[in-house]
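curious how this folds, go ahead:
(chains A and B)
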2 protein chains.
Amino acid sequence: MNTPNETTEVPLPIAPSAPPPVLADEEIDIDLFAKIKLRTATIESVEAVPKSKKLYRIQVDLGEHGKRQIVSGIAQHYTPEELIGRQIVIVANLKPAKLMGVESQGMLLAASTDSDGALALLMPDKAIPAGSRVR
Amino acid sequence: MNTPNETTEVPLPIAPSAPPPVLADEEIDIDLFAKIKLRTATIESVEAVPKSKKLYRIQVDLGEHGKRQIVSGIAQHYTPEELIGRQIVIVANLKPAKLMGVESQGMLLAASTDSDGALALLMPDKAIPAGSRVR
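Below you'll find the predicted structure:
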């Protein structure tokens, strides 16, 4: 039953004309996402960082998860009055970093476009306790 | 100069009464956060997953980043009519997973409380193109 045709047959490459689609973003596991602690926070105060046109020093309340100081480059998009009292979303377990010499203990989340520089803060669609986990 | 007092001195433990603070959340680097691609998405359709009280199969549009099917356990919190047309935020580069046999190509973000099971979807505070990066 071992014919010459069978032994010399070369397997065709699988789907040679259909390369795998190029993914713009590298895929991640849910375990990696779970390491990021996103939480709701209520803005208590906002002040401009001296000598910076973009940065605000923002004090936020995370309920039972304490209070934080966030430095964020949203000064050209919102006045302090538009921000105070609002609920936002922050990355609550980011290593503290200094921006223009001011410590930032987290990062607030905003959607932005590369094309026209539009920016929109994220918010919960209804009131929920400050410090609530986002996932 | 080598007195008996100096040679027998036992060093005190450092700050024995002040243990390091216990952090509720392990700290992460900005590089780890940057691996997570969060994007705005517009909900196009919503249908209940058969035999599930909690799951919706949701079709979303990410503009130039394509369309996705998201399976999410928010059916007890929102009606389909409340969701269609809305902008939400999704993890856009999560490995696809199956829930109740239905493929989910991402995860939508919502704030929730452990205490009373309240849930609030995240949204941008103003309209911004679907597919905009959130960070």
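
and the contacts of stretch A:70-84?
Contact with stretch A:70-84 is made by A:41, A:43-49, A:52-60, A:90, A:99-100, A:102-108, A:110, A:119, A:121, as judged by CB atoms under 8 Å, 6 or more residues apart in numbering or on different chains. The way it works is simple: take the backbone N, C-alpha and C, and place the C-beta from them, glycine included.

give me the mean pLDDT for it.
Regarding stretch A:70-84, the rounded mean pLDDT is 97.

before we move on, what about stretch A:113-128?
94.

send me it as CSV with only the CA atoms.
Below are the C-alpha coordinates for stretch A:113-128, written out as CSV (Å, rounded to 0.1, in the frame of the first residue of the first chain):
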residue,chain,number,x,y,z
THR,A,113,-7.5,61.6,20.9
ASP,A,114,-4.1,61.9,19.2
SER,A,115,-5.7,63.8,16.3
ASP,A,116,-7.2,66.9,17.9
GLY,A,117,-6.0,66.7,21.5
ALA,A,118,-9.5,66.2,22.9
LEU,A,119,-9.7,64.9,26.4
ALA,A,120,-12.6,63.4,28.5
LEU,A,121,-12.3,62.3,32.1
LEU,A,122,-13.8,58.9,33.0
MET,A,123,-16.6,58.9,35.5
PRO,A,124,-19.0,56.3,36.9
ASP,A,125,-22.5,56.7,35.3
LYS,A,126,-24.1,57.0,38.7
ALA,A,127,-22.9,57.9,42.2
ILE,A,128,-21.1,55.0,43.9
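
so is it next to chain B?
Yes - judged by CB under 8 Å from any CB of the partner chain, stretch A:113-128 comes into contact with chain B through A:113-114, A:118-128.

among these, which are in strands?
Residues of the residues of stretch A:113-128 next to chain B located in strands (DSSP state E): A:119-124.

just want the angle from the strand ranked longest in chain A to strand A:119-124.
Determined from DSSP E, the single longest strand within chain A is strand A:38-48. Going by axes from the mean of the first three to the mean of the last three CA atoms, to 10 degrees, strand A:38-48 is angled at 130 degrees with respect to strand A:119-124.

how far does strand A:38-48 sit from its chain's centre?
On the basis of CA atoms, centre = their mean, to the nearest Å, strand A:38-48 sits 16 Å off its chain's mean C-alpha point.

show me which residues of the helix or strand following it are buried.
Going down the chain from strand A:38-48, the next helix or strand is strand A:56-61, by DSSP states H and E. Buried residues in strand A:56-61, defined by neighbour count with 16 or more other CB atoms under 10 Å in any protein chain shown: A:56-61.

equivalent analysis for stretch A:44-59, please.
A:46, A:49, A:52, A:55-59.

what about residue A:91, how many neighbours?
Using other CB atoms under 10 Å in any protein chain shown as the criterion, residue A:91 is surrounded by 21 other residues.
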